[in-house]
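prediction below, plus the sequence it came from.
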Amino acid sequence: MAGTSGIDGRGQFHDDFRLSITKALGDQLAKALDGLGTAPLSEENLAELKERPGVYQLYVKGKFVYVGKADQSKGLPGRLNNHLRKLGGRLNIDLADVTFSCLYVDEDFSALAPERLLITHYRKKLGGIPWDNSGFGSKDPGVRRDKTVLKKAHFDVRYPINLAAPVEGLRAGPASLKDLLTDIKAGLPYLFRYEEPPEAANIMVEVPPGPVTADQAFRVAGAAIPAPWQITALLSHVIMYAGTEDYSSATRYYRPDGVTDQEPKKDSAPLTAADITD
């Protein structure tokens, strides 16, 4: 009997075979992670991890919220420690509720972007991941994004920086403004980007005894900076530059003449890839 062939290339005795290797890898990664338990995101647990690349998942109150990767340059402990520090300086979230699981992956496997395989897997299975493309994994967005009005679904809107968070390593007593700014930047759990004012090394301040919150430290620095400089607390980070510009996402301004609060603007439009800076 003669074979017949359809317009799609299929016939009685021949057909196409399509193998999706990436889908198979994503499914296997997800299955391996699902088979693991979770542990609190803490310094003690991160200290048990090996300095190797891998993928990881974060959970809040047992709910899966984020998948990420750590490459060879900064292994799983370093990458997860960044998240630990970041979440520890945010409002509306308790570190005690955050847990994680992770898998080590071979260095050559990292080139396949295993976290993207997992994201694709979960988008198909769950419809999405809450913190995926929300801005959670973003680093310094740069000066051009300081004035951006953030979307309501953005991570930094839902979990803004906590100005009541302590600044680690501050030394009480007299200090130069230059040294205070350096110590604040090193001791904050979130980004502080600034330009150094003229004569900062010669301007003296008095650092109160600790623990000192970010708000207290910025009040000391703000009172000492020369006009027209200002310190601006945004939803995601803090900046300090010359001038008294208004920023849409600002929550508080620290200036030589005092401190001013502001309700930040928020955009109701849905998030897009253009909103995210990884």
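Right, received. Where do you want to start?

so residue 10 versus residue 186, what's the distance?
Computed as CB to CB, to the nearest Å, the residue 10 to residue 186 distance reads 65 Å. From N, CA and C alone the C-beta is placed, and that goes for glycine too.

identify the bridge partners of residue 267.
Beta bridges link residue 267 to residue 151 when assigned by DSSP bridges.

can you report how many residues neighbour it?
Residue 267: 16 surrounding residues under other CB atoms under 10 Å.

quick check: it touching residue 235?
No. If you go by CB atoms under 8 Å, residue 267 and residue 235 don't touch, sitting 12.0 Å apart.

what about this protein, any weak spots by pLDDT?
For the chain, the stretches flagged by pLDDT under 70 are 1-9, 11, 16-21, 107-112, 139-141, 272-278.

what segments of it are strands?
Assigned strands in the chain, in chain order: 39-40, 54-60, 63-70, 98-104, 173-176, 192-194, 204-207, 229-234, 238-242, 250-255, 258-261 (criterion: DSSP state E).

the fifth one pairs with which strands, and in what direction?
Using DSSP bridges, strand 173-176 pairs in its sheet with strand 204-207 (antiparallel).

what lies in contact with the partner strand?
170-177, 180, 217, 220-221, 223-224 (CB atoms under 8 Å, 6 or more residues apart in numbering).

pull the most distant pair out of these.
Using CB to CB, the contacts of strand 204-207 span at most 18.4 Å, a distance reached by 171 and 223.

number of residues surrounding the closest residue to residue 228 other than its chain neighbours?
Counting by CB to CB, 6 or more residues apart in numbering, residue 244 is the residue found nearest to residue 228 once chain neighbours are left out, at 5.1 Å. As a burial measure, residue 244 scores 13 neighbours (other CB under 10 Å).

now do residue 244 against residue 159, distance only.
Residue 244 is 28 Å from residue 159, where distance means CB to CB.

with residue 134 instead?
10 Å.

shouldn't residue 90 be in contact with residue 163?
No. In this structure, residue 90 is not within contact of residue 163 by CB under 8 Å, at 11.0 Å.

need the overlap of contacts for residue 134 and residue 159.
With CB under 8 Å, 6+ apart, residue 134 and residue 159 have no common neighbours.

quick one, what contacts residue 161?
Residue 161 neighbours (CB under 8 Å, 6+ apart): 89, 90, 91, 190, 214, 233, 234, 235, 236, 237, 238.

just the buried ones out of those residues, please.
89, 90, 190, 214, 233, 234, 235, 236, 237, 238 (16 or more other CB atoms under 10 Å).

nearest residue to the second one in space, please, no chain neighbours.
Meaning residue 90. residue 159 (4.2 Å).

my read: that neighbour touches residue 92, true?
Yes. In this structure, residue 159 is within contact of residue 92 by CB under 8 Å, at 5.2 Å.
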